[in-house]
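J.: Below are the sequence and a predicted model for it; my questions follow.
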4 protein chains.
Amino acid sequence: MNGAIGTTRWAIAEGYIPGSSTGEDRRFVSHETVCLLNAGDREAHVTLTVFFADREPVGPYRVTVPARRTLHVRFNDLTDPQPVPTDTDFASLIESDVPIVAQHTRLDSRQEALALLSTMAFPCP
Amino acid sequence: MNGAIGTTRWAIAEGYIPGSSTGEDRRFVSHETVCLLNAGDREAHVTLTVFFADREPVGPYRVTVPARRTLHVRFNDLTDPQPVPTDTDFASLIESDVPIVAQHTRLDSRQEALALLSTMAFPCP
Amino acid sequence: MNGAIGTTRWAIAEGYIPGSSTGEDRRFVSHETVCLLNAGDREAHVTLTVFFADREPVGPYRVTVPARRTLHVRFNDLTDPQPVPTDTDFASLIESDVPIVAQHTRLDSRQEALALLSTMAFPCP
Amino acid sequence: MNGAIGTTRWAIAEGYIPGSSTGEDRRFVSHETVCLLNAGDREAHVTLTVFFADREPVGPYRVTVPARRTLHVRFNDLTDPQPVPTDTDFASLIESDVPIVAQHTRLDSRQEALALLSTMAFPCP
């Protein structure tokens, strides 16, 4: 038993990077995040695929979560194969070679006070 | 294997379209949304049924999610068979002919700063 | 098949009625809600039990959800067997004689702009 | 049957204690919480393990939830074996010797109006 928990495929049907922010501080820049927890003893190689309303999916985006670590990935920061557009509806699929846990969070600071949302991603059977 | 993920029936017990908004910009108009992800290779034909506190359910509302696409449906935009009333408690049932993933999100801009909530819908066995 | 969906027992570990509000309008009064969806053809008889940090559970609170209806129950409105205190941590258990779906939502208007949270309740096996 | 509900292992992939607050009142201090419900008749001995992006996990933090009680644990309040740093991404694993239900909530009051998020934790199989 290597401590791994969760599952290897997760989906998030909601996705949206607000196109503006109040302030420049990275903490308060509007962002869309998928938080990944790899509780196990083996490094997780994770691919993200981004789905849109009107074009083919883009990906894979590749991130690595070391053993016994968490990685909070901002969709804003993804660049390869291409940046994720702002002010655009999307969805995402997260696939890993070892079990992980995935959670979706947004911080929206377009207006004078920030707003937050979060939900566990959907663990795909 | 055609890439389909999720399940064919989802429920959202919460539903409420705030009756006012700060600003006219569509991005900031208060809205209640169900986000649908169809990761598979076959078009999804989806019906929404809306439940109320004091009258019979209304529906089906019909939407189509093309293969490998996401569709973020605003309840505000539904018109056939009838608009969904604002300032009214409702709930919804989402049924699809192929597996999809469904997530519920609200943006409330009635006051001077927006508020957000989101949760995965409940995957009905 | 009578259209019933969901399960007969749900839990919400978070519970808190903010002790103040901005404004008197019922829509904007801070509230803690459990939204119930009864999609089936039989009336649902639901009991709520409220758990606290430092005293025995209180209940059952009884509500009825008619067939094919939703009921958004504000904990603020419960009075029998006793009101739910504000500014107090609690949790709740929802039990029904027929399958239902339960979702937890809070509107917090203590400050000048409202805040929202929501999550599906936990479907107890 | 002793009334126990839920499961013995839960994960939360998101974790972040905002580093500042508007006001000193404990109710409005920015906080990250895991809400635990022990609906059963036996005391729950719970351990929390906190995971980071760039260092080994810290724990166990130990809390006890009496029979038929809820405990809303603020990560801000944990001190043994060490405080949880603010403005730092983390994740957490919750393990109990009897079934419980776990839910994740944040109150962020860094800006002039508070923001909230909540989601059920992930019940690990």
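T.: Happy to help now that I have it. Residues are numbered from 1 along each chain as shown, chains lettered A, B, ... in the order given.

J.: Which elements pack onto the longest strand along chain A?
T.: Criterion DSSP state E: the longest strand present in chain A is strand A:90-108. Applying 3 or more Cβ pairs under 8 Å, 6 or more residues apart in numbering or on different chains; DSSP states H and E, one finds that strand A:90-108 contacts strand A:7-12, strand A:31-38, strand A:44-52, strand A:58-65, strand A:115-120, strand B:31-38, strand B:115-120, strand D:7-12. For every residue, glycine as well, the C-beta is placed using N, CA and C.

J.: Of these, which is nearest chain C?
T.: Between chain C and the helices and strands packed on strand A:90-108, the shortest gap by Cβ to the nearest Cβ is with strand B:115-120, which sits at 4.0 Å.

J.: Give me the spatial nearest neighbour of A:Gly6, chain neighbours excluded.
T.: A:Val101 (3.9 Å; Cβ to Cβ, 6 or more residues apart in numbering or on different chains).

J.: Look at A:Ser21 and say how many residues are nearby.
T.: When neighbours are defined as other Cβ atoms under 10 Å in any protein chain shown, A:Ser21 has 18 of them.

J.: Check the gap between A:Gly59 and chain D for me.
T.: With distances taken as Cβ to the nearest Cβ, to the nearest Å, A:Gly59 is found 20 Å from chain D.

J.: contacting residues around the residue most central in space within chain A?
T.: Taking Cα atoms, centre = their mean, the centroid of chain A lies closest to A:Val34, which sits 2.5 Å from it. Applying Cβ atoms under 8 Å, 6 or more residues apart in numbering or on different chains to A:Val34 gives the contacts A:12, A:48, A:72-73, A:75, A:92, A:94, A:102-105, A:121.

J.: ditto for A:Pro123
T.: Neighbours of A:Pro123 in contact, by Cβ under 8 Å, 6+ apart: A:6-7, A:9-10, D:122.

J.: Widest-spaced pair of these?
T.: By the measure Cβ to Cβ, A:Arg9 and D:Phe122 form the most distant pair in these, at 13.7 Å.

J.: And these two? Which one has more around it.
T.: Ranked by neighbour count (other Cβ under 10 Å), A:Arg9 and D:Phe122 place D:Phe122 first, with 26 against 19.

J.: and the helices and strands packed on strand A:90-108 as a markdown table, adding mean pLDDT?
T.: Shown next, in a markdown table, are the helices and strands packed on strand A:90-108 (pLDDT from 0 to 100):
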| stretch | mean pLDDT |
| --- | --- |
| strand A:7-12 | 97 |
| strand A:31-38 | 97 |
| strand A:44-52 | 98 |
| strand A:58-65 | 98 |
| strand A:115-120 | 94 |
| strand B:31-38 | 97 |
| strand B:115-120 | 94 |
| strand D:7-12 | 97 |
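
J.: B:Thr79 is nearest to which of the ones you listed?
T.: It's strand B:31-38; of those, that one is closest to B:Thr79 (Cβ to Cβ) at 14.6 Å.

J.: and that closest one, which strands flank it?
T.: Sheet pairing of strand B:31-38 (DSSP bridges) gives strand B:69-74 (antiparallel), strand B:90-108 (antiparallel).

J.: now it and strand B:44-52, what's the angle there?
T.: Per axes from the mean of the first three to the mean of the last three Cα atoms, to 10 degrees, the angle that strand B:31-38 makes with strand B:44-52 is 150 degrees.

J.: chain center to strand B:31-38: distance?
T.: For strand B:31-38, the separation from the chain centroid amounts to 4 Å (computed by Cα atoms, centre = their mean, to the nearest Å).

J.: just the angle between it and strand B:58-65, please?
T.: Inter-element angle recorded for strand B:31-38 and strand B:58-65: 50 degrees (by the same axes, to 10 degrees).

J.: any weak-confidence spans in chain A?
T.: A:1 (pLDDT under 70).

J.: Mind telling me which residue of it is nearest chain C?
T.: Proximity of chain A to chain C (Cβ to the nearest Cβ) peaks at A:Ala113, 5.2 Å away.

J.: Report the beta-bridge partners for A:Lys117.
T.: Careful, residue A:117 is Leu; it's not Lys. Taking DSSP bridges as the rule, A:Leu117 bridges to A:Arg106.

J.: And it, how close does it get to D:Phe75?
T.: In this view, A:Leu117 and D:Phe75 are 19 Å apart by Cβ to Cβ, to the nearest Å.

J.: Out of those two, name the residue with the larger neighbour count.
T.: A:Leu117 (27 against 23).

J.: Isn't the more buried one up against B:Ser118?
T.: Yes: with contacts counted by Cβ atoms under 8 Å, A:Leu117 reaches B:Ser118, the gap being 4.0 Å.

J.: and for these two, which residues touch both?
T.: Counting by Cβ under 8 Å, 6+ apart, the residues touching both A:Leu117 and B:Ser118 are A:104, A:106, B:105.

J.: that older thread, so for B:Asp54, which of the helices and strands packed on strand A:90-108 sits nearest?
T.: B:Asp54 lies closest, by Cβ to Cβ, to one member of the helices and strands packed on strand A:90-108: strand B:31-38, at 18.7 Å.

J.: tell me which parts of chain A are close to chain B?
T.: For chain A, the residues in contact with chain B (Cβ under 8 Å from any Cβ of the partner chain) are A:9, A:11-16, A:19, A:51-54, A:56-57, A:87, A:89-91, A:93, A:104, A:106, A:108, A:110-113, A:115-122, A:124.

J.: Which of these are buried, as a ChimeraX select command?
T.: Here is the ChimeraX command that selects the buried residues among those (16 or more other Cβ atoms under 10 Å in any protein chain shown):
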select /A:9,11,12,13,14,15,16,51,52,57,89,90,91,93,104,106,108,110,111,113,115,116,117,118,119,120,121,122,124
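
J.: did I read that right, A:Asn76 in a strand?
T.: No: per DSSP: H, G, I helix; E, B strand; the rest coil, A:Asn76 lies outside any strand segment and is helix.

J.: give me every residue that touches it.
T.: Counting by Cβ under 8 Å, 6+ apart, A:Asn76 touches A:17, A:29, A:31-32, A:84, A:86.

J.: among those, which ones are buried?
T.: A:17, A:29, A:31-32, A:84.

J.: Which pair of these spans the longest distance?
T.: It's A:Val29 and A:Val84 that sit farthest apart of those, by Cβ to Cβ, at 14.1 Å.

J.: in stretch A:54-69, what counts as buried?
T.: Buried-residue list, stretch A:54-69, by 16+ other Cβ under 10 Å: A:57-59, A:61, A:63, A:65, A:67-69.
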